[in-house]
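Trainee: One predicted model, sequence on top.
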Amino acid sequence: MIEFEDFEDLIKKIENNLGNDFNNRFRFIRKELNKSKKLPNRQILTQFDQNKSEWVYNYGGKKEIQYHLFLRDNVLGYGLGINSQRGSFNNDDPAATANLIGASFKQNFKLICKILPNYHFEIGSYDQLGSMKEGEFILFGNTVKVSETNTIKKADFNTIIYDLTEQLKAYRLIFKKNVEMKLNQKNLTNHMGRIMEFEKLLLNKKQIILQGPPGTGKTRLAKEIAHQLIFNKQAASDKEQKVALSSSEQFKIVQFHASYGYEDFVRGISIENIDGNIIYETKNRILGEIASKANRNFLQSNEDLETSYQELFLDQAFDEFVAEIAEETEGDNKYELTDNISIVSIDEDAFRYKGGKGWSENGNRMKFADIKQAFKDGNINRQDVKKNRNLARLANWHSSYYVRVLNDFQKYWDNNLVENEKEDEQSKVDVKNYVLIIDEINRANLSSVLGELIYALEYRGEPVESLYDLKGKGREIVLPDNLFIIGTMNTADRSVGHIDYAIRRRFAFESVLPQDLSGQLESGYAFAKDEFEEVKALFVNDITLGWDNSELKKSIHLSDEFDPKDVCIGHSYFIHKDDEDISQRMTYEIKPILEEYIKDGVLKESDALRTALKEL
């Protein structure tokens with residue numbers, strides 16, 4: 001049996017049995033993980049509470065997880081403690097600190113359980129890790145009974161010493177993850193601050209270009225900015241971001257190339273073969289399409305409710321109307337337009353109608369778009385449809401047939417959309433942000449691709465005349481205030497045309513430069529810092545200086561006409577999985593770029609450069 005006078009005496013016996021070796025290991029671990037220059041003071045590592053019924057090892061490091069022991073009701077409890085109480089053992093914001101420690105604990109929980117198989121939650125629970133409220137306490141550990149005469153079994157005492165020694169492994173895991181998470185949290189805060197600055201810039205300027213050398217994450221950053229603008233938050237993961245953006249009508253991304261033109265990007269003529277007939281039709285392309293959606297939303301957000309109601313529910317109501325006609329035409333039933341003409345089938349976007357002799361087997365197509373357009377234009381009788389130049393020629397010619405369907409839809413609209421549904425569904429339309437990312441924006445001839453929209457970039461909300469007339473819409477194109485354009489530009493690519501001054505002044509330019517990401521990556525990934533610095537040294541004279549430091553100069557290897565900010569290989573090339581060998585990437589990705597740089601005259605051919613490349 002182990003005898004002791006009181007809890008303080010028991011702690012002394014435990015400390016003596018743990019020995020100097022334990023104390024020194026503990027201090028060295030804290031020094032290493034805190035990246036401190038000095039060992040922590042041994043005298044401030046331990047502390048009793050005021051009643052001397054609780055004892056903490058690592059009190060001096062209040063922001064870390066603690067060894068915690070207590071004696072209550074003849075039970076000695078010990079283990080790893082997380083405290084969110086305001087008192088002797090906390091910092092100024094105990095709940096925030098405790099939850100960061102709890103999250104670190106949670107990420108290593110399975111491994112900790114293997115190290116300490118006899119431990120369990122003596123106080124608190126697993127669910128509290130990372131979500132503690134102020135005033136709560138968690139102890140993951142073990143308990144042993146103490147006699148009323150202040151004795152403890154020798155076997156139990158030895159178990160305590162063994163557990164507290166092994167506990168140091170778990171402590172190290174949690175502490176290391178906590179340091180990593182605090183750094184990531186700081187980096188995330190800084191990164192979010194940067195994204196918010198870009199958002200603020202875009203709200204003012206409307207279009208920006210992210211420029212920089214290859215591999216600096218320009219497109220990734222553009223997507224993060226887009227997600228922030230559209231959803232007013234950042235995605236929890238790349239996968240979540242991809243799903244959210246790809247499924248949103250408020251987002252589009254396109255990559256320019258040398259042969260890209262106005263007809264590919266803004267508006268052009270498409271050719272379709274419909275039932276053997278060649279149809280030429282003007283269509284909006286990617287910019288025209290997203291600009292139209294953004295402008296429609298912008299106008300609706302500024303309309304009164306009654307005006308916007310029709311815009312909001314027209315498609316829904318028409319779909320239901322089509323479904324009703326589909327039911328009526330099942331089997332041999334027909335939907336008669338006149339005594340001799342009937343709707344015989346329904347396509348995805350049109351009714352098929354025909355009569356007897358002289359009609360083609362498949363009949364003619366009565367496009368839904370024409371019926372809806374006539375409805376929006378307030379057409380009522382045959383003459384209205386016949387004279388409506390917003391409709392297809394066929395609609396004008398066959399106005400007698402079209403007006404029958406139009407009138408039936410007008411009745412359906414009035415009879416089925418009752419007032420209480422209006423009251424339930426109708427609400428003010430909120431303005432939404434729409435984002436278009438143009439990757440490799442300088443690869444195309446921007447003056448040719450944008451055409452008259454160069455003017456629209458600067459004068460938002462003002463209509464400009466397109467080269468092409470869009471049926472029912474005219475020639476006008478508007479870039480509204482809620483459409484934001486983010487371009488990316490590889491500054492190392494001199495094979496493409498430069499951006500002329502007229503276009504350049506309409507964009508804000510922001511540089512995205514190579515940076516050391518050591519300690520900033522999520523779990524499972526590493527940054528090849530040594531290789532990054534070796535490659536960076538080929539472009540600058542001092543790798544320790546920041547890009548904005550006036551003392552930063554070109555290296556002896558970089559040609560005079562190139563700026564290192566434009567060509568230095570970016571950090572994304574040096575990110576790899578923990579189990580991945582960076583040498584493969586060096587051989588097959590990074591070195592080939594450097595060889596191209598030599599061939600293109602970016603880097604100057606020399607024996608010194610060749611020696612440096614061999615050593616990479």
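Mentor: Good, I have the coordinates. Residues are numbered from 1 along each chain as shown.
Trainee: CA atoms only for stretch 384-397, dumped as CSV, please.
Mentor: Extracted in CSV, the C-alpha atoms of stretch 384-397 (Å, rounded to 0.1, in the frame of the first residue of the first chain):
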residue,chain,number,x,y,z
ASP,A,384,-52.3,40.7,-82.5
VAL,A,385,-50.4,37.5,-83.1
LYS,A,386,-50.2,38.1,-86.9
LYS,A,387,-48.5,41.5,-86.4
ASN,A,388,-46.2,40.6,-83.5
ARG,A,389,-42.6,40.8,-84.8
ASN,A,390,-41.3,39.3,-81.6
LEU,A,391,-42.7,35.9,-82.8
ALA,A,392,-41.4,33.5,-85.4
ARG,A,393,-42.6,33.9,-89.0
LEU,A,394,-44.6,30.7,-88.7
ALA,A,395,-46.5,32.1,-85.8
ASN,A,396,-47.4,35.2,-87.9
TRP,A,397,-48.5,33.0,-90.8
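Trainee: Can you name the residues in contact with it?
Mentor: Residues from elsewhere that reach stretch 384-397 (CB atoms under 8 Å, 6 or more residues apart in numbering): 364-367, 370, 373-374, 377-379, 399, 402-403, 406, 471-472. From N, CA and C alone the C-beta is placed, and that goes for glycine too.
Trainee: And these, which of them are buried?
Mentor: The neighbour count (16 or more other CB atoms under 10 Å) marks 364-367, 370, 373-374, 379, 399, 402-403, 406, 472 as buried among the contacts of stretch 384-397.
Trainee: how about a markdown table for these, with pLDDT and distance to Asp9 added?
Mentor: Listed next are the buried ones among the contacts of stretch 384-397 as a markdown table, based on pLDDT from 0 to 100; distance: CB to CB, whole Å:
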| residue | pLDDT | distance to Asp9 |
| --- | --- | --- |
| Asn364 | 91 | 102 |
| Arg365 | 92 | 96 |
| Met366 | 93 | 97 |
| Lys367 | 93 | 93 |
| Asp370 | 94 | 95 |
| Gln373 | 92 | 92 |
| Ala374 | 93 | 96 |
| Asn379 | 94 | 98 |
| Ser399 | 92 | 105 |
| Tyr402 | 94 | 100 |
| Val403 | 93 | 102 |
| Leu406 | 95 | 97 |
| Gly472 | 62 | 92 |
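Trainee: Tell me which of those fall in strands.
Mentor: Assigned to strands by DSSP state E, the following of the buried ones among the contacts of stretch 384-397 qualify: 364-367.
Trainee: State whether Ile593 and Val567 are indeed in contact, as I suppose.
Mentor: No - applying CB atoms under 8 Å, one finds Ile593 not in contact with Val567, separated by 9.6 Å.
Trainee: between the two, which one's more packed in?
Mentor: Val567 (24 against 17; other CB atoms under 10 Å).
Trainee: can you give me the strands in the stretch 401-550 of the chain?
Mentor: Under the criterion DSSP state E, counting those that start in this stretch, the stretch 401-550 of the chain contains strands at 434-439, 464-470, 474-477, 483-490, 508-511, 525-527.
Trainee: next one: the first one to chain centre, how far?
Mentor: What that stands for is strand 434-439. How far strand 434-439 lies from its chain's middle: 14 Å, per CA atoms, centre = their mean, to the nearest Å.
Trainee: List of residues touching that strand?
Mentor: With CB under 8 Å, 6+ apart as the test, strand 434-439 has contacts from 219, 222-223, 225-226, 229-230, 250-256, 286-287, 290, 293-294, 297, 482-488.
Trainee: If you count neighbours, what's buried in it?
Mentor: Those buried within strand 434-439 under the rule 16+ other CB under 10 Å are 434-439.
Trainee: can you give me the angle that strand makes with strand 483-490?
Mentor: Relative orientation of strand 434-439 versus strand 483-490 (axes from the mean of the first three to the mean of the last three CA atoms, to 10 degrees): 10 degrees.
Trainee: Strand 434-439 - what's its average pLDDT?
Mentor: When pLDDT is averaged along strand 434-439, the result is 96.
Trainee: mind listing what that strand pairs with, with the direction of each?
Mentor: Here strand 434-439 has these sheet partners by DSSP bridges: strand 251-255 (parallel), strand 483-490 (parallel).
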